[in-house]
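Participant: Could you work out the structure for the sequence below:
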Amino acid sequence: MISETQESVQLLNTAIIKSKEKKIDNNFEDRLAEACHSPEMEALSVAITFLAEKRKISRDQAAISLIERMRELDSIWNDYVMMEGISNLKDLLTKSNRPSQQQ
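Facilitator: Below you'll find the predicted structure:
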């Protein structure tokens, strides 16, 4: 027989996996064209030029530097969110493993 805590852990694990599922749109060309003609890409182009001039590097190097920095930030936040989730799971498991207090 599975305990309530084990069942909760299984439910949480399933929820984590399901929350990562995304509907994949196979229309890559349209998605890419839309993304490349967006205001965000215009802003990134300005940022690339600015960084290239400020650091006196090529636009290629500036673009790579910006992407690497964004990936670093994304990785840091992914780690932070993961650690928050682990901490919450530990708290949940600690609370569920305590004997019930009778009054």
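
Participant: mind listing what His37 touches?
Facilitator: By C-beta atoms under 8 Å, 6 or more residues apart in numbering, no residues touch His37. Heads up, the C-betas are built off the backbone N, CA and C, glycines and all.

Participant: what's the answer for the one 10 residues further on, then?
Facilitator: For Ala47, the residues meeting the contact criterion (C-beta under 8 Å, 6+ apart) are Leu66.

Participant: Please identify the helix or strand for it.
Facilitator: helix 39-55 (DSSP states H and E).

Participant: continuing past that helix, what's the next helix or strand?
Facilitator: Sequence-wise, the next helix or strand downstream of helix 39-55 (DSSP H and E) is helix 59-97.

Participant: tell me what that next one is packed against?
Facilitator: For helix 59-97, the packing partners by 3 or more C-beta pairs under 8 Å, 6 or more residues apart in numbering; DSSP states H and E come out as helix 4-20, helix 39-55.

Participant: Relative to Gly85, how far out is the residue nearest to the spatial centre of the chain?
Facilitator: Residue closest to the average C-alpha location in the chain (C-alpha atoms, centre = their mean): Asn78, at 4.6 Å. The gap separating Asn78 from Gly85 is 11 Å, by C-beta to C-beta, to the nearest Å.

Participant: Low-confidence ranges, this protein, go.
Facilitator: Applying pLDDT under 70 to the chain picks out residues 1-2, 4-5, 20-26, 99-103.
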